[in-house]
Structures are given as C-alpha cells and as structure tokens.
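Undergrad: below are the sequence and a predicted model for it; my questions follow.
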Amino acid sequence: MSAPPLAQARRSRAPSPGSPARSRRGPDDIRVAAGGRGWTPWAFLLVPLAFLAAFTYLPVAAMLFYSFTDWDGFSRTQDFVGADNYVELLTRPQLFRVFAVSLFYLAGAFVQLVLALYFATVLSFGTRLGNVFKGFLFFPYLINGVAIGFVFLYFFQPGGTLDTVLGALGVGPRLWLGDPDLVNTSLAGVSVWRFTGLTFVLFLGAIQSIPPHLYEAAELDGASRWQQFRHIIVPGIKPIIGLSAILAVSGSLSVFEIPFIMTGGSNNSETFVIQTIKLAFTFDKVGLASAAAVVLLALVLLVTWLQRILVPQERVEQS
Amino acid sequence: MRRTLAAAAGLVLVAGLTACGGGGGEQEDSEVVAVPPDPAKVTGTITVLTNRTDQVQDGTTQEYATEFAKVYPGVKVEFQGLTDYEGEVRIRLNSEDYGDVLSIPNSVPTNQYPRFFAPLGTSDELSRKYDFTERATLDSKVYGIANIGTANGFVYNKAVWERGGVTEWPTTPAEFLNALKAIKDKTGATPYYTNYKDGWPMTNWGNGLGSPSCDPAANDKLSEIDDPWGPGRDLTVVDTLLHDIVHDGLSEADPSTTNWENSKNLIATGEVATMWLGSWAVVQMRDAAEKAGLNPEDIGFMPFPAQSGGKFCTVVRPDYQYAINKHSKSKEAARAWIEWFIEKSGDARQALSISSVKGAPLPDSLKPFEAADVTFVRLGLGKSALVDDVDKASEIGLGSKDYPQRIVDVARGAADGDLAGVFADLNRRWAEARASVG
C-alpha cells in the first residue's frame, strides 16, 4: 500500500507553517499538498470496507458472541454460558468423526491440483484448439453449484448416464450415491469436476506470466518439455501452487453445497458444515452450532498457518 | 490494521448485543382479536403469507379473495406465495414485516407465540368450535387455528395391489409385509417407495405415533416416558415396519436418488405400489394419474396395519395453523379472513382434507375409512411444547428426516449396527434429554 496510514496522514496535515514538525516530515507534506492523496484511497475504499464490515466481520463477531450463549435462534433472552458450548463440543468426539469425510475431498483436492497443473502446462504451449479446451475446462466453474448437484443426481442414478457409459465398457452398475463406501468418492469427484477449472485458470495465468525467453533459452540448451516444466514452470508458479493448496485444504474441511444438495448429508456423507447447520436449524442449538463454526474457522486458520510455516513463501525472480 | 478494525467492530457489536439481550422487557400481552360482528364496517388491506404457491399461480387464491370481498366489501386481500415457506418466514419473523395472516412455521416453539402473534380467542371458546386448537394454546389463549387436519396412512395403487392378489387391508405389520412380497413377486412393481433422498416425505413416519395403540395421548405421553422405543410402544411398531420393509428388499433399489415429484408419476403408473404419507397427498397422486391418462380412482389410502379392539385407527394431526401478525395494522380484517377461510372457503374440501371445523363431513378419499369403521384419533397436543424441547435436546428429531433415514440405512446395511441397537441408542438419548429438560 503506498498511501500513509490514515492517522499519520491526518497528523501530517495539521502542523502550522514553520513548525519543527514540518521540516522533519517533509515528504509527507509534499504528498498531501499534491491533492490530499492521503485521504483519497480511503474514500474509494469506504464502500467496500463498509460491506466487508457488515457482511464479514460483524457476522463473525456475532457468531463468536452466540457461541458463548445458549441462544435457540428465537428467544429474546440469551443466557451467557461461558465456555460450556466448547466443552460440550470437545467432549462429544462423534461430532468430529465427520471430518473423516473430509479426507475424501482432500484426496480429491490433490487430484484436482495435479490435473489442473497438467492441463495448464499442456495448454500454455500453444496446443491446437487450445482455447476450446480452456473453455471446456473452465466451464464447470461457471455453473451454479445447485445446478451441478441436480445434474449429477441424474448422472449417478441407477441406470443413469454413468451406468450407461460404464455398461458400454462392460462394467456393471453401481449405487454411486447409495453405497456408503462409494458415496463420498462420487461426491468428491463432482467437487473435482467443478473446481478444476478455477485452479486451472489460476495456474494458466501464472504460467503465462513467465517470460517466454526463458523457454527459448532452455530449448536452445536442449532442455526437454519435462525439464522445462520441472525447472522453469514449477518454481515460477510456486506461490500460486501454495495458494491453491491452502484453498484446497480449507475447502475440503468446509465442504457443503454438493453433499447438501445431492444427499442432504444422509448415508455417511455428512460433513462438518452440514452437521453444524442441523444443530442450528433442526435442533435449535444456535449457541452450540456457533461454537462448532468457530472451531471450524480456527481449524482452517491453523491449517493455513501450518502451511505458511512448512512451505515458506519466497519471492520468485523471473528473469 | 484489518485486525484492529475487526476487533473494534467485534467489541462494538458484542456490546450492542449484550445490551439487547438484557433489555427484552417488551410487553408481551395483547388483546384478543375477536371476529368483527359487522362485516360491512371492517376495512383495510391484508397480506396473507402462504406456502401454497400452486394456488397463487393457478388463481385459486384470487377466487377466494373475490368470494371473501362479497361478505367483507371493505377488505382487500393480497397473497404472497413463498416456495421455501419455513426458511423465509423464520427469517422474516425477526422483523415486523411478516404479513398480516400467516401459517405458523413449525420451527417456532409454542412458548414464543405471544411474541409474534395476536391471540385469536380463549381456548374454552375456540376448542368448542375447532379441532387441534391446543397445539397453539398458551395460558388458555389460542394463537393459531388449523384449516385442515391430516390423517396418516399408506397411499397405494389399488390396481397394483389387486394384481398382487391383495384386496383386503392388512391388519398386522406381518400381513402388510406379506402383501408387499406378493406384489413384488406377482407384478414386478416396486412395492414401497421411501422418498429417502428428499427426506421430508419420510418425516411422516414420526406421525405414525398413536396409530398402533389408538391412544390420543400418545404424543403427550412421550414427555413422561424414558423409552419411546421400548417393547410394544407405538414408535417401535412403526419404525420396525419401516425397517422390515427396507430390510426385506421391498423398497426401491437406490434410496439415495429418489425424487418426490417423480414419485407421484411412479405410483400413478403403478411402478410403485405404496407410500406412507398424509391424506393430503392423495389429491396430488390422483392428479398425476389423470395426467398420465390413468384412472385416478386407482389411488387409494389405507390405515396403518394394526388394529385395536378389531378396529383400525388413524391419527389425525393438524396442518399449518393460521395466525395474525402481532404488528398487523388490520387485525380485525385479518381475523375475519381466518374465520371465513376456515369455515366458508371450502378449501379443506377441495384438498380432500379433514376440515378442522368440528362436525364437518369427511372428504371423499377417506370415505373408505368411514365404511371400514376406522377410528379417527385426534392426537392430543397439550404437551407438545415439552415433547419438542426433549426432542430438540436429544437431537433425535421426531419430525426431521435424519431419524427415519438412519433406520433405512441400518436396514439396508449401509450403516453399522442393527435395529435393536438403534432403538437402545434412541431411548438412551431420549432419557438423557428428558432428565436435562426436566
């Protein structure tokens, strides 16, 4: 950020001419004199910041508050119960069993990263019909998640699309959503199908920002495609890979819409968020559910933090 | 910077909320809204919130409004059809803008009614006129009146049952299972359809309560016992039947991809023989049969296969109850609408439902029940608030889909354990919750 912090800018405007402050803080004054730039960015930011506060920070603060009460979502009174909700959460291990389901999505996220990286690399080397393939890959991400849920319900039905296609290959029909051992794999597959496009576009953008003369030089030195990938592309887009990994992990901890729409969390496919929603809206335990949401938030932050430590961010020199 | 801002915002909010939490001393009492004596003098515009979006679209509501205007010329009635009725109204209840007349969402606990709704009369007076008033009674004031009551039973395709060689209603769960087996063997139809995926049609299994025992106090009794799934109890009989149907392979192959809209066509065309639902469903299934070019009379309704003293019993429960927004500016007009809609509109008859007006004749779809001398058990709901509390504390959800879905999962081997284990677990949770609610 180039503008000085708000408080500082305000202070730098105040001193009267000839005060000692002026000579010390010269550069600031020149900037302010050049049209009040200290304030201008904040004026532009006012609306987005107000939205951010109203729709992110205030609800989070409210959630934190509810998590210390026994509120049922209706009554006017909210009794303060201290850490009772958290104690109850942590003493009911079955509430955390649902995280086992997240492992399926985590595996899916890994597949998704590899696939996206593969396609991004291939398509960044001027493939024939490259733009068509880019469109195909990105398209699923543009569709509404609810619509995807319904489409895949038909896809997975007994005798549905998937069974028909597999039947042509001589593979027998399965209960893709009915079989408790298979349901999470199917759902994670849908999730991969949907989000590969996004990861792909992130990777593609990063790869295209690598200066082309690096490839030329590498080619002149006789480097193979794999060597170019290994030594130019991967190091060049490392920060984006790191970012995608964080998104993937936090995403798989907080999976919601695909299982909620397709199975409603039945048949062994319940995720932590679905369970939280049931606590809040089926059983009117808004306090307990808020505590669960806070725990999930803490877990996601923890994962992000761990990742920062394990995979330190380095500045990449691309020249 | 961001962190400081968030922290500051958080502090302000917490302070604000705490202040609200402490200052909830608003006057809850309000006057009973009586039916206006002189229709000509009532004026105003009222908004009616309804879950019947189909009626709003096909103009039925407009017809009702026109009829109503003939009696109350000074009142204008407008309708708002809400697709996700429960969800949207629950949120709107936090404001003052939730229509003038509305159906009370199921998620509002009875003890909160005075906060949202104006009392419609005393229980002495209204319970003489209508059924089911005690569901919405608090401190001997009634806050909501149901338009219809729903009997529970099996919607079935008579033609398919006859092809399976079954012409008499089964009188025990075992006979019922044999009938389904015969249908499966002889017709190839799916004998029973769970509607597992959409879930809400399955919540009707909880409404089986009271059918096997024929006891109007079955629901209230739940607040007094620790083992609703003990041997011989209603819920045990009902849930065991659900379990056995699925366990014996008499339901659809893949419950996780069922589809409610499509299930109407399946039963209309005879691909599915039976579903456990409320009597309200019969109209929709008959419509589907007519659209498919088949005989709507093939769709029948039968009581739960259990008898008490040689007679079938079917439990009748109230549907949504109509209430008046406490903040309404036209309470008189709203009260007039409720009175007129329930008694004069004929809506209950059109839906082939049991009118909640005492002494009203039964709908055609239930005529066979009358002929077979089925006892209609009007379930007492005086302690439903307490039963609700225990249910929520236990996280069982008698009226939610999780609990019947779990039984189906256990029955088809998709979840660990067996039925006895499930019952033991449910009993344990019920007993613990009862102890905690007190």
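TA: Perfect, I can see it now. Keep in mind that this is a model prediction, so the values were computed, not measured.
Undergrad: how many neighbouring residues does residue B:252 have?
TA: Residue B:252 has 23 neighbouring residues, counting by other CB atoms under 10 Å in any protein chain shown. Every residue, glycine included, has its C-beta placed from N, CA and C.
Undergrad: average pLDDT for stretch B:56-66?
TA: Averaged across stretch B:56-66, pLDDT comes to 91.
Undergrad: please apply the same query to stretch A:242-251.
TA: pLDDT averaged over stretch A:242-251 gives 88.
Undergrad: how about it: buried residues?
TA: For stretch A:242-251, the neighbour count (16 or more other CB atoms under 10 Å in any protein chain shown) marks A:242-251 as buried.
Undergrad: get me the contact residues on the stretch 51-200 of chain A for chain B.
TA: Contact residues (CB under 8 Å from any CB of the partner chain) of the stretch 51-200 of chain A with chain B: A:53, A:57-58, A:60-62, A:64-65, A:69, A:72, A:74-78, A:153, A:156-158, A:160, A:175, A:177-180, A:183.
Undergrad: buried among those? Need that as a selection in PyMOL.
TA: Here is the PyMOL selection string for the buried members of these, based on 16+ other CB under 10 Å:
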select buried, chain A and resi 53+57+58+60+61+62+64+65+69+72+74+75+78+153+156+157+158+160+175+177+178+179+180+183
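Undergrad: how about the contacts made by residue B:404?
TA: Applying CB atoms under 8 Å, 6 or more residues apart in numbering or on different chains, we find residue B:404 in contact with B:202-203, B:205-206, B:239, B:242.
Undergrad: ok, back up a step: in strands only, show me the buried residues of stretch A:242-251.
TA: Judged by DSSP state E, strands contain none of the buried residues of stretch A:242-251.
Undergrad: which residue, other than its chain neighbours, is closest to the residue nearest to the spatial centre of chain B?
TA: The centre of chain B sits closest to residue B:319, judged by CA atoms, centre = their mean, with a distance of 5.1 Å. Excluding the flanking residues, the one nearest residue B:319 by CB to CB, 6 or more residues apart in numbering or on different chains is residue B:148, at 4.8 Å.
Undergrad: what is the burial count for the one you found?
TA: Neighbour tally, residue B:148, other CB under 10 Å: 26.
Undergrad: that one reaches residue B:350, doesn't it?
TA: No: Residue B:148 sits out of contact with residue B:350 when judged by CB atoms under 8 Å, with a separation of 10.2 Å.
Undergrad: nearest to residue B:41 among the contacts of residue B:404?
TA: Residue B:41 lies nearest to residue B:203 out of the contacts of residue B:404, by CB to CB, at 43.9 Å.
Undergrad: looks like that closest one contacts residue B:401 (just checking).
TA: Yes: using CB under 8 Å, residue B:203 is in contact with residue B:401, at 5.5 Å.
Undergrad: comparing the two, which residue is more hemmed in?
TA: Using other CB under 10 Å as the criterion, residue B:203 and residue B:401 rank with residue B:401 on top: 23 against 18.
Undergrad: pretty sure the more buried one contacts residue B:199?
TA: Yes: the pair formed by residue B:401 and residue B:199 meets the contact definition of CB under 8 Å, at 3.2 Å.
Undergrad: spell out which residues are contacts of both of these two.
TA: Here residue B:401 and residue B:199 have A:264, A:266 as joint contacts, going by CB under 8 Å, 6+ apart.
Undergrad: circling back to that earlier point, of the contacts of residue B:404 - the most surrounded one?
TA: residue B:202 (27 neighbours).
Undergrad: that one - nearest residue in space that isn't next to it in sequence?
TA: residue B:404 (4.3 Å).
Undergrad: what about the one you found, distance to residue B:206?
TA: 7 Å (CB to CB, to the nearest Å).
Undergrad: what count of nearby residues applies to residue A:164?
TA: By other CB under 10 Å, neighbour count at residue A:164 equals 10.
Undergrad: residue contacts, it?
TA: Listed by CB under 8 Å, 6+ apart, the contact set of residue A:164 is empty.
Undergrad: so which pair among the contacts of residue B:404 is furthest apart in space?
TA: B:203 and B:239 (12.8 Å).
Undergrad: ramachandran coordinates for residue B:134?
TA: The phi and psi values for residue B:134, taken as degrees, to the nearest 10, are phi -70, psi -20.
Undergrad: and it, what pLDDT?
TA: 85.
Undergrad: can you tell me the closest non-neighbouring residue to it?
TA: Closest to residue B:134 by CB to CB, 6+ apart is residue B:382, at 4.9 Å.
Undergrad: what's the one you found in contact with, if anything?
TA: Contacts of residue B:382 by CB under 8 Å, 6+ apart are B:134, B:137, B:220.
Undergrad: from those, which is closest to chain A?
TA: Distance to chain A, by CB to the nearest CB, is smallest for residue B:137 among the contacts of residue B:382, at 18.5 Å.
Undergrad: now do the contacts for the closest residue to the closest one other than its chain neighbours.
TA: In space, and not counting its chain neighbours, residue B:137 is closest to residue B:123: 4.7 Å by CB to CB, 6+ apart. Residue B:123 makes contacts with B:133-134, B:137, B:140-142, as judged by CB under 8 Å, 6+ apart.
Undergrad: since that was my last question, I'll sign off now.
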